[in-house]
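**Student:** Provided below for reference: sequence and predicted model.
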Amino acid sequence: MALLPAIVAVTQLGRIHPDEVYQALEPAYWRVHGYGVLAWEWRDGIRNWAVPGVLAAFLKLARMLGITDPQGYRAVVALPQLALHAWSLWAAYRFSARRAGPAGGWLAVLLLGLYGPVLVFAGRTLAESFSTSFLVVAMEALDRREREGRAGLVGGAALGFAVVTRYPSAICVVAALLWLMAARRWKLLAFTCLGGLVVAAGLGLLDHVTWGSPFHSFFKYVRFNVLSGEAAARFGSATPGFYAMPLLMAVPLWGWAAVPLGLWALKRKAGVSLPLTCAGIYLAVLLATAHKEERFLYPALVLGLLAAAPVIAAFITSRAHGALRWGLATVALASGLASAFFFPPNDLRADQFRAIVAATRMGGATGLVIVNEGLWGSGGFFYLGQEIPWLTCDWPRDGAFQQGMRERRFNRVVTFEDRALPEIQAAGFRIAKRIGRETLLVRD
């Protein structure tokens, strides 16, 4: 089950958001090869080097193994995330089996593992993807009743890594600590804080080594995104209604069906689970935050459905007739899979990334022009796989386009939906292949 998102990401390529490349893959590539495109966050010190550092280690491993094809070393880079996702699915089973029994636990894992956004996100090198997997691990650990010292250390460390990989996950940390206090689980709370503090100390040391002062990136992030309002001013703001349609499209049928069943459980004083608490508080903060993006919903969706999955699984597995059980399970799984078509709603441009890889894998590439795409929508040097000049542009009148057509060192062009194709051919390029909506052209 954990392999599926990795296979989707590696075979499909593309990106949900530019951060997938420029906040993880490209800085890791820069670390290993000494060249690459560093986004403004890496100049201002608003990010920490934890995730790029781990990915860089696996890039070095790929280089040692002689893997030079971008899609090949992208597969190697997927290994740590694959292991993390497998750990989170095992945690989801343990969490669900406590409430729905072993059979219900396995059905819950199927519901979560085959949930469309999980298949799309869990293999992507986005902060939301890494952080959410750690949050699921933390939810299960802090739900345990046995060996609370060990459970607290694991849960606290997982919460800490969720914050290291994505600073807004600190909202879930606060929510989890409040839930533990409300439940009066003081020993578990103490060990959770201890586990989290160990990870926090590691982050402080990492920032001191890389940025010159402890917690440099965290303070810079909070100042930019929370205190100054610069994030909303630079990237836009929206009303809470912005999230209405993404939520309606992303929550599967079985997620909505869990609402009345969950309310019935509350009447029996079952209490609100930790993942539901974290999902609710996190979503409330999202609604109140000015800058909004669909991908920000992903942690709330997964945590909310982690709470819902055992409720639905217990209901389905308790049906007396086998045909009814199989029918309900099939409908639930199908509704979860279908949500992949609607969330995320933006174009992954996977064919463009495959065309960029093909442009340099043909051999003899000395320069590349990407038409109808800006810098932050391209694959960077990570997907080029070699140090050659490359330009991005939209129209033939753009200076970058004219430079690429004029200078003979630019001997590869990738154009989206045949934008400026006559002008490109007039400059001596010929069509080499078509990859989806992309056309790859070469010239001698």
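**Tutor:** Sure thing, it's come through.

**Student:** quick one: low-confidence parts of the protein?
**Tutor:** For the chain, the stretches with pLDDT under 70 are 264-270.

**Student:** got the domain boundaries for this structure?
**Tutor:** Per the record, the chain has its domains at 3-341, 350-442, by automatic domain parsing.

**Student:** okay if I get the ones you listed as JSON lines plus mean neighbour count?
**Tutor:** Where C-beta positions appear, they are placed from N, C-alpha and C, glycine not excepted. Listed next are the domains of the chain as JSON lines, based on neighbours: other Cβ atoms under 10 Å:
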{"stretch": "domain 3-341", "mean neighbour count": "19"}
{"stretch": "domain 350-442", "mean neighbour count": "19"}
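
**Student:** and residue 414, backbone torsions?
**Tutor:** Taking degrees, to the nearest 10, you get phi -120, psi 120 for the backbone angles of residue 414.

**Student:** so what's it bridging to?
**Tutor:** Residue 414 has these beta-bridge partners by DSSP bridges: residue 370, residue 440.

**Student:** contacts only, for it.
**Tutor:** In this structure, residue 414 makes contact with 352, 355, 356, 359, 368, 369, 370, 371, 438, 439, 440, 441, judged by Cβ atoms under 8 Å, 6 or more residues apart in numbering.

**Student:** make sure the third one is actually in contact with residue 382.
**Tutor:** It refers to residue 356. No. Judged on Cβ atoms under 8 Å, residue 356 makes no contact with residue 382 at a distance of 9.9 Å.

**Student:** what packs against the longest helix anywhere in the chain?
**Tutor:** Ranked by residue count under DSSP state H, the longest helix found in the chain is helix 70-113. When contacts are defined as 3 or more Cβ pairs under 8 Å, 6 or more residues apart in numbering; DSSP states H and E, helix 70-113 packs onto helix 3-12, helix 50-64, helix 127-141, helix 298-317, helix 322-338, helix 350-361, helix 380-384.

**Student:** CSV for these, including distance to residue 95?
**Tutor:** Formatted as CSV, the helices and strands packed on helix 70-113 follow (distance: least, Cβ to Cβ, whole Å):
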stretch, distance to residue 95
helix 3-12, 19
helix 50-64, 25
helix 127-141, 4
helix 298-317, 7
helix 322-338, 17
helix 350-361, 33
helix 380-384, 35
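
**Student:** and whichever helix or strand comes after the longest helix of the chain, how far out from the chain middle?
**Tutor:** Once helix 70-113 ends, the next helix or strand along the chain (criterion: DSSP states H and E) is helix 116-121. Distance of helix 116-121 from the chain centroid (Cα atoms, centre = their mean, to the nearest Å) equals 9 Å.

**Student:** who touches helix 116-121?
**Tutor:** Counting by Cβ under 8 Å, 6+ apart, helix 116-121 makes contact with 4-5, 8, 16, 112, 128-129, 132, 250, 252, 295, 298, 301-302, 336-344, all of which sit outside it.

**Student:** using CSV, write out every CA atom in it.
**Tutor:** These are the backbone C-alpha positions of helix 116-121, laid out as CSV (Å, rounded to 0.1, in the frame of the first residue of the first chain):
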residue,chain,number,x,y,z
GLY,A,116,-7.2,9.8,-3.6
PRO,A,117,-5.3,12.8,-2.0
VAL,A,118,-3.1,10.4,-0.1
LEU,A,119,-2.2,8.6,-3.4
VAL,A,120,-1.4,12.0,-4.9
PHE,A,121,0.4,13.7,-2.0
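
**Student:** quick one: which of the contacts of residue 414 is nearest to residue 143?
**Tutor:** Nearest to residue 143 out of these is residue 352 (Cβ to Cβ; 42.4 Å).

**Student:** residues touching the closest one, list them.
**Tutor:** With contacts taken as Cβ under 8 Å, 6+ apart, residue 352 has the following neighbours: 14, 370, 373, 378, 379, 414, 416, 437, 438.

**Student:** got CSV for those residues, with distance to residue 143 too?
**Tutor:** Shown next, in CSV, are those (distance: Cβ to Cβ, whole Å):
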residue, distance to residue 143
14, 35
370, 47
373, 45
378, 43
379, 40
414, 48
416, 47
437, 46
438, 46
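
**Student:** and of those, the nearest to residue 37?
**Tutor:** In terms of Cβ to Cβ, no member of these lies closer to residue 37 than residue 378, at 8.7 Å.

**Student:** hang on, residue 127 packs against residue 19?
**Tutor:** Yes. Judged on Cβ under 8 Å, residue 127 makes contact with residue 19 at a distance of 6.8 Å.

**Student:** how long is stretch 117-136 end to end?
**Tutor:** One end of stretch 117-136 to the other measures 15 Å (Cα to Cα, to the nearest Å).

**Student:** do you know how far residue 274 is from residue 192?
**Tutor:** Residue 274 is 11 Å from residue 192, where distance means Cβ to Cβ, to the nearest Å.

**Student:** what sits against the nearest residue to residue 208 once chain neighbours are set aside?
**Tutor:** Using Cβ to Cβ, 6 or more residues apart in numbering and skipping the chain neighbours, the partner closest in space to residue 208 is residue 214 (4.8 Å). Remark: with contacts taken as Cβ under 8 Å, 6+ apart, residue 214 is in contact with 204, 205, 207, 208.
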